[in-house]
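Undergrad: Okay, predicted coordinates and the sequence, questions at the end:
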Amino acid sequence: MPFIYRSAVLLHDVEGLTVQEIADALDLGLPAAKQRLRRGRMMLVSALARAAERRHALKGVPMCCWDARRLVSDYLDDALGADERSLLEHHVAGCPTCPPLYAALVGVRAKLGALRDPDSVVDPRLASRIAAATAEHR
């Protein structure tokens, strides 16, 4: 929920400020403060409803989205073990929200890879020093 709506809901429903006090604190007119509170509450109700739908959609999907997203870079670099790879693939296959993120990451990676200049030449000694230095940090 955007800050302007979240702050109105929190100030009113959690902190107990009146709508006029919110308008004064945020330097808004009374109608704008009322609108932010009303829209914020509607967004909150919608978000809570989607959360229930999301939990239902994720029933039976292995691992949570946060864990899956944490592993995507290693997956793209082929640096996951077979078990984690399988869990991540099953998660992406069943999750309603992660596939677009995964597709976007794959697309960005491909676009960045296309920026390589095929005519540039990196000294092989420099390339091996870079590879060794990056391997130390993994």
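TA: The structure has been received and is ready for your questions. Numbers count the residues shown, from 1 in each chain.
Undergrad: Test my guess that residue 33 contacts residue 20.
TA: Yes - counting by Cβ atoms under 8 Å, residue 20 is a contact partner of residue 33 at 7.5 Å. C-beta: built from backbone N, CA, C; applies to glycine.
Undergrad: of the two, who's got more company?
TA: Taking neighbours as other Cβ atoms under 10 Å, residue 33 and residue 20 compare with residue 33 leading, 24 against 11.
Undergrad: how about the host helix or strand of that one: buried residues?
TA: Secondary-structure element containing residue 33, defined by DSSP states H and E: helix 30-57. Using 16 or more other Cβ atoms under 10 Å as the test for burial, helix 30-57 gives 33-34, 36-37, 39-41.
Undergrad: and these as JSON lines, adding distance to residue 130 and pLDDT?
TA: Formatted as JSON lines, the buried residues of helix 30-57 follow (distance: Cβ to Cβ, whole Å; pLDDT from 0 to 100):
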{"residue": "33", "distance to residue 130": "56", "pLDDT": "96"}
{"residue": "34", "distance to residue 130": "59", "pLDDT": "96"}
{"residue": "36", "distance to residue 130": "51", "pLDDT": "96"}
{"residue": "37", "distance to residue 130": "55", "pLDDT": "95"}
{"residue": "39", "distance to residue 130": "51", "pLDDT": "95"}
{"residue": "40", "distance to residue 130": "50", "pLDDT": "94"}
{"residue": "41", "distance to residue 130": "54", "pLDDT": "94"}
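Undergrad: average pLDDT across stretch 52-60?
TA: Mean pLDDT, computed over stretch 52-60, is 73.
Undergrad: okay, residue 138: pLDDT?
TA: For residue 138, pLDDT reads 65.
Undergrad: Offset the numbering so it begins at 465, please.
TA: Taking 465 as the first residue, the last one we looked at is residue 602.
Undergrad: how about the helices of the protein, start to end?
TA: 467-473, 483-489, 494-521, 529-540, 546-558, 562-578, 588-600 (DSSP state H).
Undergrad: Done for today, thanks.
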